[in-house]
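Peer 1: pasting the structure only:
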Ligand SMILES: [Zn+2]
């Protein structure tokens, strides 16, 4: 099993998620709010900065699960595609990658 690799990918993707959480926090203070906010693709390519425009509802749905990430269609990531939309896909990480992703979830309530 290439566990180390999976974990590293999950850590990289969690970094993008943190950036997106800051974007979300900023967006909450906008008056009037934007209809669609440019979030960052959370794929495992660390140089990827491709924006994905989502409504607040769309973004919140991805964040409900600590192991799911927001990806530009066709970008590289490990995991199962659980939802496919025109502008983005939602990928859930499995195994060690999923565990790391959940452990790093900025929204998790325990500990
Ligand atoms: Zn990407």
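Peer 2: Okay, I see it. Quick caveat, the model's predicted, so the values are computed rather than measured.

Peer 1: hey, let's count contacts and neighbours off CA atoms from now on
Peer 2: Fine.

Peer 1: What are the boundaries of the strands in this structure?
Peer 2: Assignment of strands within the chain using DSSP state E yields the ranges 37-40, 51-54, 68-71, 80-84, 89-92.

Peer 1: Would you tell me which of the ones you listed gets closest to residue 10?
Peer 2: For residue 10, the closest of these is strand 68-71, at 9.6 Å, according to Cα to Cα.

Peer 1: Show me what from the chain comes close to the ion.
Peer 2: Within the chain, the positions adjacent to the ion are 41, 43, 48 by Cα under 5 Å from the ion.

Peer 1: how about 6 Å then?
Peer 2: With Cα under 6 Å from the ion as the criterion, the chain comes near the ion at residues 41, 42, 43, 48, 50, 71, 72, 75.

Peer 1: I'd assumed residue 89 was in contact with residue 70.
Peer 2: Yes: at 6.1 Å, residue 70 counts as touching residue 89 under the criterion of Cα atoms under 8 Å.

Peer 1: of the two, who's got more company?
Peer 2: Set residue 70 next to residue 89 and count neighbours by other Cα atoms under 10 Å: residue 70 wins out with 25 against 21.
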